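S.K.: quick one, what's the 3D model for this:
(chains A, B, C and D)
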2 protein chains.
Amino acid sequence: MYSPTLTDVARAAGVSYATADRVVNRRGSVSEKAMRKVNAAVTDLGYIRNVAAANLAQKRTYRFVFLLPDGPNAFFQTILQIIKAQGQARENTTLDHIDVPAFDEDALRTHLAGLRGQKIDGVAVVGLDANGLAPELNALQGQGVPVVSLISDLPHDQRAAYIGIDNIAAGKTAARLLGLAHGGQPGQVQLLAGDLTARDHRDRLEGFQQVIATDFPAITLLPLIEGRDDSALIQKAMTDRLATHPNMTAIYSLGAGNSGLIDALQSQPQRPLVAVHELVAHAKTALTDGLFHFVIDQRPEEEIDAALNLMRALIDNVPPPPAKPILPTIYLRDNLPPQPEQEPI
Amino acid sequence: MYSPTLTDVARAAGVSYATADRVVNRRGSVSEKAMRKVNAAVTDLGYIRNVAAANLAQKRTYRFVFLLPDGPNAFFQTILQIIKAQGQARENTTLDHIDVPAFDEDALRTHLAGLRGQKIDGVAVVGLDANGLAPELNALQGQGVPVVSLISDLPHDQRAAYIGIDNIAAGKTAARLLGLAHGGQPGQVQLLAGDLTARDHRDRLEGFQQVIATDFPAITLLPLIEGRDDSALIQKAMTDRLATHPNMTAIYSLGAGNSGLIDALQSQPQRPLVAVHELVAHAKTALTDGLFHFVIDQRPEEEIDAALNLMRALIDNVPPPPAKPILPTIYLRDNLPPQPEQEPI
DNA sequence: CAAAAAATGATAGACGTCTATCATTTTTGC
DNA sequence: GCAAAAATGATAGACGTCTATCATTTTTTG
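M.R.: All right, here's what the predicted structure looks like:
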């Protein structure tokens, strides 16, 4: 029950408080011998730094920057809301965000360059599967600023961690849900992607195809539509496709822009099974109305939370919290979260 | 960015630090007028007590007690693990747990009585839908110990809050999953409950029946089996039922003891769709093996976490954290959490 | 071996809150 | 208006850590 303090550690190690402090806070000017003695005492007594006291003394503040794709994408609007809320809720923490043109490597690079030299404690960026960002990413991390990728990954060696769902698993999940819902009968599934240069979209597609091929051989896939996450485009393409393929049994939309899909479906007498991603407002409504059947969500609240905790651990140089994976979550019309309440007083 | 301290508040209110402290910590001996001035200053400046500093000064420790049903129930074993882990992880917090015979009102009452007068900061109890516990529950809460119900509710007026999923929603979710998986064809679903005196089981049953009746009229329900959450009993009953009803298309097990169900299914050539509750080890295996199709989980980690946060807020007399609802979560074989890693070093 | 460099010790003040004590002022009751 | 009671003020010490400074000791170097 009793927690040893750094004073206890110093006593046990036979050194002064100052030396113990120099060791645990890596301030240098310590002999190897002293270092060993202190570290031994630390593990011996099971010393754990009292973060509350430390923060109190330091009046430490953190500044984290999020680089998010701009545009009318409802999902990223949600992400932004969550970031703002977290910025309010967290002590000693300011969260900034920068809008970056979506799917645009050059723009992203420019914005990353702009962060160099600024007083920042961490960067979270919605990644692109591109290699041209490496210099900027390395520069940031070289100056001690951790970079994590959020929602869509960067190349593995260019970021400290990826915070997001396993999109292959998400695609598989969608496939199994739709597959099972065919009840053993054959079917034709329409896939609707945003942009296959985005890693997350590719992964979802891959997972989906795998499961269908393996476990639901009676189901065939109609030619993929790339809707660029653009509602208008999607509406048009899907309306056409629905007209030409009256036997379509299901739709899996693995990107954004689903309000276009809703519009296309609404005028339809015969409605296929529909699975989409992200529980944004219009998806929730469509689920309630029976227009969508499954929504696969990545729990953005948890992602932001995990990203912040991780960046803090990285900049504080403490062991990061156990990475509990963020799993794709399935919503039906029956297990929807109730309306978020007003600000509690 | 700057957070006002209590000293700032005192200055703004035109009183001494001591008086401001008396007001915010409700120590009494303060005139109405001073109280008003201080409270005004608090809202004016947006003062929020620095919890880190407060805890540091107090060396406050918390002791919370969990009353859990005993027995070999894998789900409650999981709960227990989580409680132990949280007890390790949380600073200044000891978590105790007491095994109570399952579904036994008298035993529960006795154990609650044993807690009276003990130095406890909160009690979390897996509830029973019984009224005989009221005196003990009220006695505890009368002496300032908050009581929350966990997983299965107590009567509303006998506890401060309920932490658990909406079991009606869980039942509906199961119904829709199985219903959709019939692909529009008729079917016969077998329901398997533990004990219908348990509130959570009744709720799930009700939700399930509702959705089937409303949205899947082609599906009929076979007579309910009450398995008392006992694997052996369940294996026997289900083996019989499977033999007598070869046309069974699906099974919904809304209680525990599913290893018995697994045994019954294993010897079966033709396998119905299966939905069960709680992602315990054997359920996970059965899912991977294709024996189960859907597992509905209540995220026990989040529940324990929420229960602890809430009890702390209650005993500290601070506004409780916004109650983000705990939703039934659906697992397929494709979105299973990876093995929990070993203790990070 | 002396001078320079490196390592160590001692310690004070700060962070914001809580607890406690004691002196002083204001209000109440008769 | 006087005593008792209530309210208020002032302040010191503690919680565990960080930061900083300065004196002292030990080690290295030429």
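S.K.: list the contacts for the residue in the stretch 51-200 of chain A that DNA strand D sits nearest to?
M.R.: Using CB to the nearest atom of the strand, the closest approach of the stretch 51-200 of chain A to DNA strand D is made by residue A:57 at 2.9 Å. Quick note: C-beta positions are derived from backbone N, CA and C, even for glycine. Applying CB atoms under 8 Å, 6 or more residues apart in numbering or on different chains to residue A:57 gives no contacts.
S.K.: buried residues in the helix or strand hosting it?
M.R.: If you go by DSSP states H and E, residue A:57 is part of helix A:51-58. For helix A:51-58, a neighbour-count test (16 or more other CB atoms under 10 Å in any protein chain shown) marks A:52, A:55, A:56 as buried.
S.K.: surely the second one meets residue B:53?
M.R.: I take that to be residue A:55. No. If you go by CB atoms under 8 Å, residue A:55 and residue B:53 don't touch, sitting 9.2 Å apart.
S.K.: how many residues are close by residue A:338?
M.R.: 11 (other CB atoms under 10 Å in any protein chain shown).
S.K.: do stretch A:48-66 and DNA strand C meet?
M.R.: Yes. Applying CB under 7 Å from any atom of the strand, one finds that stretch A:48-66 is in contact with DNA strand C at A:53, A:56, A:57, A:59.
S.K.: output the contacting helices and strands for whichever strand or helix holds residue A:303.
M.R.: Here residue A:303 sits within helix A:300-316, counting by DSSP H and E. Here helix A:300-316 touches strand A:62-69, helix A:74-89, strand A:122-125, strand A:147-150, strand A:161-163, going by 3 or more CB pairs under 8 Å, 6 or more residues apart in numbering or on different chains; DSSP states H and E.
S.K.: between those, which gets nearest to chain B?
M.R.: helix A:74-89 (9.3 Å; CB to the nearest CB).
S.K.: contacting residues around the closest one?
M.R.: So helix A:74-89 is contacted by A:66, A:68-70, A:93-95, A:97, A:126, A:151, A:256, A:259, A:278, A:280-282, A:300-301, A:304-305, A:308 (CB under 8 Å, 6+ apart).
S.K.: give me the low-pLDDT residue ranges for the stretch 1-150 of chain A?
M.R.: A:1 (pLDDT under 70).
S.K.: helices along chain A, start to end?
M.R.: Using DSSP state H, the helices of chain A run over residues A:6-13, A:17-24, A:32-45, A:51-58, A:74-89, A:105-115, A:134-142, A:167-180, A:199-215, A:231-244, A:258-266, A:281-289, A:300-316.
S.K.: winner for burial among the helices and strands packed on helix A:300-316?
M.R.: Highest mean neighbour count among these (mean count of other CB atoms under 10 Å in any protein chain shown): strand A:122-125, with a mean of 26.
S.K.: okay, now the sheet partners of that strand, with direction.
M.R.: The sheet places strand A:122-125 alongside strand A:62-69 (parallel), strand A:147-150 (parallel), with pairing taken from DSSP bridges.
S.K.: for stretch A:178-191, buried residues please.
M.R.: Here stretch A:178-191 shows A:178, A:179, A:180, A:181, A:182, A:183, A:187, A:189, A:190, A:191 as buried, counting by 16+ other CB under 10 Å.
S.K.: among those, which two are most distant?
M.R.: Greatest spatial distance among the buried residues of stretch A:178-191 (CB to CB): A:183 and A:191, at 20.5 Å.
S.K.: now do the same contact list for the closest residue to chain B within the stretch 101-250 of chain A.
M.R.: Closest to chain B within the stretch 101-250 of chain A is residue A:183: 2.0 Å, counting by CB to the nearest CB. By CB under 8 Å, 6+ apart, the residues touching residue A:183 are B:181, B:182, B:183, B:184, B:185.
S.K.: what about 6 Å?
M.R.: Contacts for residue A:183 (CB atoms under 6 Å, 6 or more residues apart in numbering or on different chains) come out as B:182, B:183, B:185.
S.K.: which non-adjacent residue is nearest it?
M.R.: residue B:183 (2.0 Å; CB to CB, 6 or more residues apart in numbering or on different chains).
S.K.: ok, the one you found to DNA strand C distance?
M.R.: In this view, residue B:183 and DNA strand C are 60 Å apart by CB to the nearest atom of the strand, to the nearest Å.
S.K.: close to DNA strand C: what parts of chain A are there?
M.R.: Taking CB under 7 Å from any atom of the strand as the criterion, the contact residues of chain A with DNA strand C come out as A:14-19, A:22, A:28-31, A:33-34, A:53, A:56-57, A:59.
S.K.: PyMOL command for the buried members of the residues you listed?
M.R.: To isolate the buried members of the residues of chain A next to DNA strand C in PyMOL, using 16+ other CB under 10 Å:
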select buried, chain A and resi 15+19+22+30+34+56
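S.K.: what number of residues lie near the residue lying closest to residue A:70 once chain neighbours are set aside?
M.R.: Leaving aside its sequence neighbours, residue A:70 sits nearest to residue A:99 (CB to CB, 6+ apart; 3.8 Å). Per other CB under 10 Å, the neighbour tally for residue A:99 reads 15.
S.K.: tell me what residue A:99 is bridged to.
M.R.: Beta-bridge partners, per DSSP bridges, of residue A:99: residue A:68.
S.K.: didn't it look like it was pressed against residue A:71?
M.R.: No. Checked against CB atoms under 6 Å, the pair residue A:99 and residue A:71 is beyond contact range at 8.5 Å.
S.K.: my guess is residue A:249 contacts residue A:187. True?
M.R.: Yes. When contacts are counted by CB under 6 Å, residue A:249 is listed as touching residue A:187 (3.4 Å).
S.K.: want to try a markdown table for the buried residues of stretch A:178-191, with pLDDT and distance to residue B:226 as columns?
M.R.: Shown next, in a markdown table, are those (pLDDT from 0 to 100; distance: CB to CB, whole Å):
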| residue | pLDDT | distance to residue B:226 |
| --- | --- | --- |
| A:178 | 98 | 34 |
| A:179 | 98 | 33 |
| A:180 | 97 | 28 |
| A:181 | 97 | 30 |
| A:182 | 97 | 33 |
| A:183 | 94 | 29 |
| A:187 | 96 | 38 |
| A:189 | 98 | 40 |
| A:190 | 98 | 44 |
| A:191 | 98 | 44 |
